[in-house]
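# structure here, sequence nowhere to be found:
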């Protein structure tokens, strides 16, 4: 069953994120930082949505999406508390090699904002607990997102993933996404939503 995420689901969402998206920059910063990000998304339903799929009353997977990437970026920047900014800065000071990763994320975000004219509706994150991978939960979450955006008149849904993440690329291709651009080692994929 797919449900709107609630505050009580955030801990499970963060655990799944850390487990299945461990290679991401945000994961490397840590659970407190991730919790803050998902909390901001959850508290701003006009900007982003998070859905969860549950099995045995436990979160088995989640998806976070936004209709306008620029707007979600501004909302995150505006709502991030000082302690989380300090957490990020501390992480970067203790891990100077990560400054390049952080810089790439900033440049990539700017690239998206400057090169896509229509609102860039995108899947921000998708994670399914390893125990439940391969049984269609990720597909259900993506279909839910497509349905949500179709009702809002969105023509295209985007997602990006690292160019070397072949499992994600194959999954998104299976869901109807096609590669349209590569930038800084990230592959941008798009699917048309039948309006």
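Yes, it's here. Keep in mind that this is a model prediction, so the values were computed, not measured. Numbering: from 1, shown residues only.

# residue ranges with poor pLDDT in the protein?
Screening the chain residue by residue with the criterion pLDDT under 70, one finds the ranges 195.

# select the longest helix from it.
If each helix of the chain is counted by residues according to DSSP state H, the longest one is helix 98-115.

# next one: the next helix or strand after that one to chain centre, how far?
Next in sequence after helix 98-115, counting helices and strands by DSSP states H and E, comes strand 122-128. Chain-centre distance of strand 122-128: 4 Å, with C-alpha atoms, centre = their mean, to the nearest Å.

# ok, and what's touching strand 122-128?
13, 16-17, 19-21, 41, 48, 53, 60-66, 69, 72, 137-138, 141-142, 145, 157-160 (C-beta atoms under 8 Å, 6 or more residues apart in numbering). No exception for glycine: its C-beta is placed from N, CA and C like everyone else's.

# and the angle for the following helix or strand past that strand with strand 122-128?
Beyond strand 122-128 on the C-terminal side, the first helix or strand identified by DSSP H and E is helix 137-151. If you take axes from the mean of the first three to the mean of the last three C-alpha atoms, to 10 degrees, helix 137-151 sits at 150 degrees to strand 122-128.

# other SSEs contacting helix 137-151?
When contacts are defined as 3 or more C-beta pairs under 8 Å, 6 or more residues apart in numbering; DSSP states H and E, helix 137-151 packs onto strand 2-4, strand 48-55, strand 58-66, strand 122-128, strand 156-162, helix 166-174.
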